[in-house]
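Trainee: I would like to see how this sequence folds:
(one chain, ligands or ions: 2)
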Amino acid sequence: MTTICGFKPTNICKECKGKCCKELPGSWYPEDFSIKPNSPPDVVRARIISLLKDKQATIDWWENDYPDYFLRPPAVNDRSPIEGSWGGACIFLNEDGCTRPFKLRPTGCRMLQPLKDKCNAHGYTKRHSCDAWASYNDILKSIVRNWEY
Ligand code: SF4
Ligand code: SF4
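Mentor: Ligands and ions are numbered 1, 2, ... in the order given. As a prediction, the model looks like this:
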């Protein structure tokens, strides 16, 4: 049986009413979609396009000299599945909290530990997610370039 790692929401989240989810969705990681280093590139590409079309994911990026791409859940204010904006509530959030079962939440969400003063991301930041997607950056770049708005 696979163990799903992470920190489940606590009463601290109830009091805070999902501040993290209201500010910016957490990050998807390749393993959330069973994308692995040995996955054929055309399979990875098709999987990502399907996630974008099904509104399960948005491609976002970290601006550098060269953008590093990563995936996150769509935010309510995204205008397209290719969106580099900062901020916005996650589309999976409703007034009762996250609508996704815990094991189907992004790794970046599951790894955020609720704490009274400052929640701890345990290093699962936007930058870290970009690094996790680095092997697929050329695929993501090609999807971004060819996406029809
Ligand atoms: S993880 Fe932190 S910011 Fe997010 S809902 Fe829980 S307490 Fe609030
Ligand atoms: S997927 Fe769920 S836990 Fe993650 S940001 Fe969206 S509402 Fe919050």
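
Trainee: sketch out the low-pLDDT regions of this structure for me.
Mentor: The chain contains residues with pLDDT under 70 at 1-3, 149.

Trainee: so where do the helices sit in it?
Mentor: For the chain, the helices defined by DSSP state H cover 11-16, 19-23, 41-53, 107-110, 126-132, 137-146.

Trainee: quick check: buried residues in the first one?
Mentor: So the one you mean is helix 11-16. 13, 16 (16 or more other Cβ atoms under 10 Å). Any C-beta I mention is one placed from the backbone N, CA and C, and that applies to glycine too.

Trainee: ok so, going back, would you mind finding the most buried of the helices of the chain?
Mentor: helix 107-110 (a mean of 24; mean count of other Cβ atoms under 10 Å).

Trainee: touching ligand 1 at all, that one?
Mentor: No - using Cβ under 6 Å from any ligand atom, helix 107-110 stays clear of ligand 1, coming no nearer than 8.3 Å.

Trainee: so which bits of the chain are right by ligand 2?
Mentor: Residues of the chain found near ligand 2 (Cβ under 6 Å from any ligand atom) are 21, 25-26, 73, 90, 92-93, 98, 100, 105-106, 109.

Trainee: follow-up on the earlier one: for P67, find the nearest of the helices of the chain.
Mentor: With Cβ to Cβ as the criterion, P67 lies closest to helix 137-146 of the helices of the chain, at 7.8 Å.
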